[in-house]
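Visitor: Dropping a prediction and its sequence here:
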Amino acid sequence: MSWAFATRLTSRFRKHGQSAGYLAVALAFTAAYASREPYDDAHFFKRVALNALDHGTLAWNVDEGPVYGSTSQTFQLLAVLVSAVTREHYMLATRGISLLLLLASCVILQRLGSAKDRAASVIFAFCSSALLFPILSGMETGLGILAVSGALWLLYAEHEREPHWLLTPLCVVLVYLTRPDAALLVLPLLVVERWGRTGRIPVRELTLVGALLGALLLLFRVYYGTPLPLPFYAKQVALSPYDHSFIELSKQSARQRFGLFVSCAAPLFLCGLFRRDRTNLALLGTSLVFVAYHLLGTIDVMGMHGRFFVPALPLLVLASARAASTRENAGSLRWGWIAAGCYLALLLLLRLLHGLPSGSAFQLDAVPAFLKVSVALGGVALLLSQGMLRLRASLAAALLLLTFVGSLSALRLGQLRFYADADFLELQESRYTVYRGLETLRSCFGDEIHVYHSEVGLPGLRFQAGKVSDLAGLVSPRWLFRTESFDQLCQTEQPEAIFLPHKNYRTLNQEVLGSHCLRGYRRMVQDSSSPLYVRRDLAPSFLDCAHARRDPFVHASR
């Protein structure tokens with residue numbers, strides 16, 4: 001009796017200890033990289049949220065009406081709620097919420113797979129850069145991971161009572177509202193799992209999913225003007241208006257970010273192959289199709305740390321955990337060595353092809369060395385520990401400890417502070433040339449002016465009371481589905497300031513530079529990836545103001 005009690009106590013401690021260990025890792029990591037600003041797209045959610053609170057419309061520019069610029073409608077709702085509580089520390093609040101969302105996902109997946117592989121697979125995934133950096137991003141990734149994990153719980157957990165059949169279709173729709181592409185992950189699993197259990201296609205569930213999605217598409221079409229989010233049209237290779245050179249540059253960054261993702265995903269995928277039953281083949285096959293869709297069909301814009309691919313990780317974690325529990329792998333150690341060798345060869349190939357972001361890459365993509373090392377070592381250990389559950393329990397603890405110590409080593413207590421949103425914006429402005437002259441512009445003319453830019457997240461908040469037209473079209477349908485030339489639009493609107501599109505938009509830059517409208521503006525910043533032009537009637541007062549502010553980047557040209 002006492003032995004049974006001790007066993008139960010040890011089991012409970014292990015479960016809660018791993019969750020507490022991940023919480024400690026996530027907190028240490030968040031503190032160590034507190035000065036890493038959120039992704040520029042994260043500011044989209046806040047601007048739209050503020051317009052919803054102040055003007056009652058989910059709009060980017062109030063005078064243009066509602067716009068389907070936020071791919072994640074559930075995270076947009078969360079952004080409205082957070083903004084209603086705090087406007088000055090919105091980004092800090094979303095980091096705390098993202099951390100809790102990932103912790104909840106970790107607990108769900110741990111309970112799904114803990115008895116099978118002592119949670120080694122889930123700890124390996126959640127201690128990787130792919131699932132740590134989403135805490136800092138300000139994006140919907142953490143919420144998307146939780147939605148996918150919840151769907152896996154409904155489908156694969158050993159419930160005392162079978163969940164009501166309505167819950168899984170509703171969960172699929174929730175996943176769609178959080179990350180529309182992630183519905184490609186859970187809907188096939190619903191079909192395979194229900195078909196496997198009953199021998200029949202789940203017509204009832206599929207009918208409900210189709211009806212709900214159809215109703216949502218109709219609702220979005222009526223309210224927003226488009227049934228699908230604008231980024232879908234912009235970032236699909238088959239639909240995108242972006243020029244060939246921009247798409248090619250995006251492919252280069254996509255290969256880097258895919259390399260970062262696959263360094264974490266490959267060991268889980270290889271482990272999952274040790275058990276090739278219906279469920280594991282469905283999990284692995286669905287993940288493979290999802291990743292291929294993004295790698296081949298999506299234009300990688302703001303996909304840092306492989307976030308486009310990341311929703312597939314919960315499926316790979318579950319497949320890896322299930323494989324560890326099989327008793328039929330008599331030669332698993334030999335095959336583990338072979339798989340580990342393949343994984344090491346893959347890492348070497350990625351390094352040779354510059355597939356892993358380095359410190360010289362785009363700053364938001366930079367990954368600390370200790371995370372690269374822990375993922376590489378953890379992946380090898382995960383493969384070699386196939387069939388050895390005691391070793392897997394030790395592996396989970398070692399990964400938590402290594403990641404925690406690495407995060408602490410990067411922590412500088414003297415520099416630790418709670419950043420307000422204004423602090424993050426200042427950091428972002430200081431690190432990227434595309435914003436040079438923007439603060440002087442705001443100081444001189446206020447925040448109610450009309451500005452053109454292709455990098456609109458930060459300008460959207462800096463000119464919250466004004467109008468910011470997105471030349472890339474992610475939040476401006478008039479620019480995405482253009483029926484008029486830049487010259488016609490510019491001549492009609494006459495914005496106070498124009499930032500040239502980012503230098504990567506080569507064709508669009510040629511159109512802007514060759515336009516008649518731009519002749520009515522003076523270039524004010526020379527050294528920038530998006531040089532600032534100010535309307536000629538405002539140029540003298542802008543120059544006087546810039547001189548008084550001693551802006552080192554403003555040097556007007558004729």
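Guide: Done, it's in. Since the model is a prediction, treat every value here as computed from it, not as a measurement.

Visitor: Please parse this protein into its domains.
Guide: 2-414, 432-549 (automatic domain parsing).

Visitor: what separates the last one from the chain centre, distance-wise?
Guide: Put plainly, it is domain 432-549. 27 Å (C-alpha atoms, centre = their mean, to the nearest Å).

Visitor: ok, and what's touching stretch 199-219?
Guide: Residues outside stretch 199-219 that contact it (C-beta atoms under 8 Å, 6 or more residues apart in numbering): 165-166, 168-170, 172-173, 176-177, 187, 190-191, 194-195, 227-228. Backbone N, C-alpha and C define where each C-beta goes, glycine included.

Visitor: Is it possible to mark the buried ones in those residues?
Guide: Neighbour counting by 16 or more other C-beta atoms under 10 Å classes Thr168, Pro169, Val172, Val173, Tyr176, Leu177, Leu187, Leu190, Arg194, Leu228 among these as buried.

Visitor: I'd like to know which elements the helix or strand harbouring the fourth one is packed against.
Guide: Read that as Val173. According to DSSP states H and E, Val173 maps onto helix 167-178. Counting contacts by 3 or more C-beta pairs under 8 Å, 6 or more residues apart in numbering; DSSP states H and E, helix 167-178 is packed against helix 73-85, helix 141-156, helix 183-198, helix 203-224.

Visitor: what's the least confident stretch among the domains of the chain?
Guide: Lowest mean pLDDT within those: domain 2-414, a mean of 88.

Visitor: Next, the nearest residue to Pro38 once chain neighbours are set aside: phi, psi?
Guide: Closest residue to Pro38 apart from its sequence neighbours, by C-beta to C-beta, 6 or more residues apart in numbering: Gly138 at 3.2 Å. Gly138 adopts backbone torsions of phi 80, psi 10, taken as degrees, to the nearest 10.

Visitor: Test my guess that Gly138 contacts Ala42.
Guide: Yes: Gly138 lies in contact with Ala42 (C-beta atoms under 8 Å); the separation is 2.7 Å.

Visitor: rewinding a little: with respect to Phe424, which of the domains of the chain lies nearest?
Guide: Phe424 sits nearest to domain 2-414 of all the domains of the chain, at 4.8 Å, using C-beta to C-beta.

Visitor: count of residues packed around Gln428?
Guide: Neighbour count for Gln428, taken as other C-beta atoms under 10 Å: 21.

Visitor: for Asp117, that is, sorry about that
Guide: Asp117 has 29 nearby residues by other C-beta under 10 Å.

Visitor: right, and it touches Ala321 too?
Guide: Yes: under the criterion of C-beta under 8 Å, Asp117 makes contact with Ala321 at 4.5 Å.

Visitor: residue contacts, the residue nearest to Pro38?
Guide: Here Gly138 is in contact with Pro38, Tyr39, Ala42, His43, Phe45, Met91, Thr94, Arg95, Ser98 (C-beta under 8 Å, 6+ apart).

Visitor: Relative to Ala420, how far out is the second one?
Guide: When C-beta to C-beta, to the nearest Å is applied, the distance between Tyr39 and Ala420 equals 18 Å.

Visitor: For the two, indicate the residue with more neighbours.
Guide: Tyr39 (22 against 16).

Visitor: ok, for that one, nearest residue in space, not its chain neighbours?
Guide: Sequence neighbours aside, Ser137 is the residue nearest to Tyr39 in space, at 5.0 Å (criterion: C-beta to C-beta, 6+ apart).

Visitor: before we move on, the earlier item: any idea which of the contacts of stretch 199-219 is the one closest to Leu103?
Guide: When the contacts of stretch 199-219 are ranked by distance to Leu103 (C-beta to C-beta), Leu177 comes first, at 21.7 Å.

Visitor: Please report how far the residue sitting nearest the centre point of the chain lies from Leu166.
Guide: The chain has Arg307 as the residue nearest its centroid, 4.1 Å off, counting by C-alpha atoms, centre = their mean. Distance of Arg307 to Leu166, given as C-beta to C-beta: 31 Å.

Visitor: Over to Phe445?
Guide: 54 Å.

Visitor: Also Leu208?
Guide: Counting by C-beta to C-beta, the separation of Leu208 from Leu166 is 7 Å.

Visitor: and if you look at Gly387?
Guide: 39 Å.

Visitor: sorry, back to before: among the helices and strands packed on helix 167-178, single out whichever gets nearest to Ala292.
Guide: Proximity to Ala292 (C-beta to C-beta) singles out helix 183-198 among the helices and strands packed on helix 167-178, at 10.7 Å.

Visitor: From the chain's centroid, how far away is that closest one?
Guide: How far helix 183-198 lies from its chain's middle: 25 Å, per C-alpha atoms, centre = their mean.

Visitor: Need the residues that contact it.
Guide: Helix 183-198 is contacted by residues 148, 151-152, 155-156, 168-169, 171-172, 175-176, 200-202, 205-206, 209, 278-279, 282-283, 286-287, 289-290, 293, 311-312, 315 when judged by C-beta under 8 Å, 6+ apart.

Visitor: Kindly report the same for stretch 282-292.
Guide: 181-182, 184-185, 188-189, 192-193, 258, 261, 265, 269, 272-273, 309, 311-312, 315-316, 318-319, 322.

Visitor: List only buried entries from the residues you listed.
Guide: The buried subset of the contacts of stretch 282-292 (16+ other C-beta under 10 Å) comprises 181-182, 184-185, 188-189, 192-193, 258, 261, 265, 269, 272, 309, 311-312, 315-316, 318-319, 322.

Visitor: show me where the stretch 1-150 of the chain has helices.
Guide: Secondary structure of the stretch 1-150 of the chain, counting by DSSP state H, counting those that start in this stretch: helices at 2-32, 42-55, 73-85, 90-117, 120-126, 129-132, 134-137, 141-156.
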